[in-house]
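Visitor: predicted model and sequence below, questions to follow.
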Amino acid sequence: MEYFTMISYHHTLALVDNNSVAQFALNKALQLACKTKAKVTALKVEKPYNNFLNRLGLIPDNALDPMLFVNKLLSKYQRLGVEVEVKQIKNTKDHIAILNETNACDYDLVVMNNQHHNTIVSEFVPSCEDHLLRESNLPILIVGNKSWQKQGHILTALETAASNIAHRELNQDLLEDSQQLASLLENDIHLLNCYQLENWSMSIKREANFISDEQQRSQHWGHLVDSARAYQLESDHLHLEQGLPDHVIPVIANRCNANLLVIGAGEHHGFISDLKGHTSSVIIDQLKCDILAIKPVSH
């Protein structure tokens, strides 16, 4: 199978994690940039240290500074030819810092660590991811501590029932980015479509255009096969599941042991609209893989 490799991400903004020396987001942003010749800007939001030992004066401030590791990581990739830049911003909320920076400069992609939210708190307080999924037009790559495996899998979640032009274009963006990332990461692609049955059980009079559950499933399968045809995917790489996306997607992603989930976000119809707010946090926290959320206007 042959893939294109001219992916459209040329300048990536990676958020420095103040709470981890591992810096998974920055590391993966640099890994991609090394393959695509993109520039990476590391955004450090300076926040006051709130460590008990630090407050007692038992350890110095600079022992908690993530930039000690960040600078080593950046130097490593600079030697490999990656153009890097560091920007530091005074204490503010992460999503505000990201939105301000992406509005001020020309970026193609935002990469940040999965922050693993408290489910109860996230019901009332939107997370950084929630804000970005709603307010940013850029693709958002949310990463965890799982390394990308060669010969692994990328799972792309489509919603194939909608027929308007904007939605078809979004599906095409999802497929094209999945194809290019699969080439860069030496992965293959799995496609997922989850759907809801039209329930006629409460109807007093059966409609003339009534179709059975099996016919509905057959229609959705046909749409999924049509979406996959241009990418020469085998049938065992196509997944059609009945159910809500926040239930289905984590199950299939974990079953596939996916490196990455590629998904649309920000539309106002279909299951993609459900991926704003609390549902997105539920999916993010259930997944073991990374998530690339692509907006309809991002390409």
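Guide: Noted; the coordinates are in hand.

Visitor: what's the longest helix in the protein?
Guide: helix 165-185 (DSSP state H).

Visitor: who does the helix or strand following that one pair up with?
Guide: Next along the chain after helix 165-185, taking DSSP states H and E as the criterion, comes strand 188-195. Sheet pairing of strand 188-195 (DSSP bridges) gives strand 153-158 (parallel), strand 238-242 (parallel).

Visitor: mean neighbour count and distance to Thr36 added to those strands, as CSV?
Guide: Using the backbone N, CA and C atoms, a C-beta is placed for each residue, glycine as well. Output for those, formatted as CSV (neighbours: other Cβ atoms under 10 Å; distance: least, Cβ to Cβ, whole Å):
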stretch, mean neighbour count, distance to Thr36
strand 153-158, 25, 16
strand 238-242, 17, 28
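
Visitor: looking at these, which is nearest to Ala29?
Guide: strand 153-158 (17.2 Å; Cβ to Cβ).

Visitor: the longest helix of the chain packs against which elements?
Guide: Applying 3 or more Cβ pairs under 8 Å, 6 or more residues apart in numbering; DSSP states H and E, we find helix 165-185 packed against helix 24-36, strand 153-158, strand 188-195, strand 260-264, strand 290-294.

Visitor: using PDB, write down the CA coordinates of the longest one.
Guide: Taking Å, rounded to 0.1, in the frame of the first residue of the first chain, the C-alpha atoms of helix 24-36 are listed here in PDB:
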ATOM      1  CA  PHE A  24       5.300  13.200  25.900                       C
ATOM      2  CA  ALA A  25       3.600  16.000  23.900                       C
ATOM      3  CA  LEU A  26       6.800  17.800  23.000                       C
ATOM      4  CA  ASN A  27       8.600  14.500  22.300                       C
ATOM      5  CA  LYS A  28       6.000  13.300  19.900                       C
ATOM      6  CA  ALA A  29       5.700  16.800  18.200                       C
ATOM      7  CA  LEU A  30       9.500  16.600  17.600                       C
ATOM      8  CA  GLN A  31       9.200  13.000  16.300                       C
ATOM      9  CA  LEU A  32       6.700  14.100  13.700                       C
ATOM     10  CA  ALA A  33       8.700  17.300  12.900                       C
ATOM     11  CA  CYS A  34      11.800  15.200  12.300                       C
ATOM     12  CA  LYS A  35       9.800  13.200   9.600                       C
ATOM     13  CA  THR A  36       8.000  16.200   8.000                       C
END
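
Visitor: so what touches that helix?
Guide: By Cβ atoms under 8 Å, 6 or more residues apart in numbering, the residues outside helix 24-36 that reach it are 5, 7, 9-10, 12, 14-17, 38-40, 42, 70, 73-74, 77, 80-84, 109, 111-113, 141, 143-145, 148, 184, 290.

Visitor: reformat the helices and strands packed on helix 165-185 as TSV; add distance to Glu214.
Guide: TSV is the format used below for the helices and strands packed on helix 165-185 (distance: least, Cβ to Cβ, whole Å):
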stretch	distance to Glu214
helix 24-36	42
strand 153-158	21
strand 188-195	13
strand 260-264	27
strand 290-294	32
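
Visitor: what is the neighbour count of Lys37?
Guide: Residues near Lys37, counting by other Cβ atoms under 10 Å, number 10.

Visitor: distance of it relative to Asn18?
Guide: Per Cβ to Cβ, to the nearest Å, Lys37 is found 29 Å from Asn18.

Visitor: likewise for Arg168?
Guide: Taken as Cβ to Cβ, the span from Arg168 to Asn18 is 41 Å.

Visitor: repeat for Arg255
Guide: According to Cβ to Cβ, Arg255 and Asn18 sit 34 Å apart.
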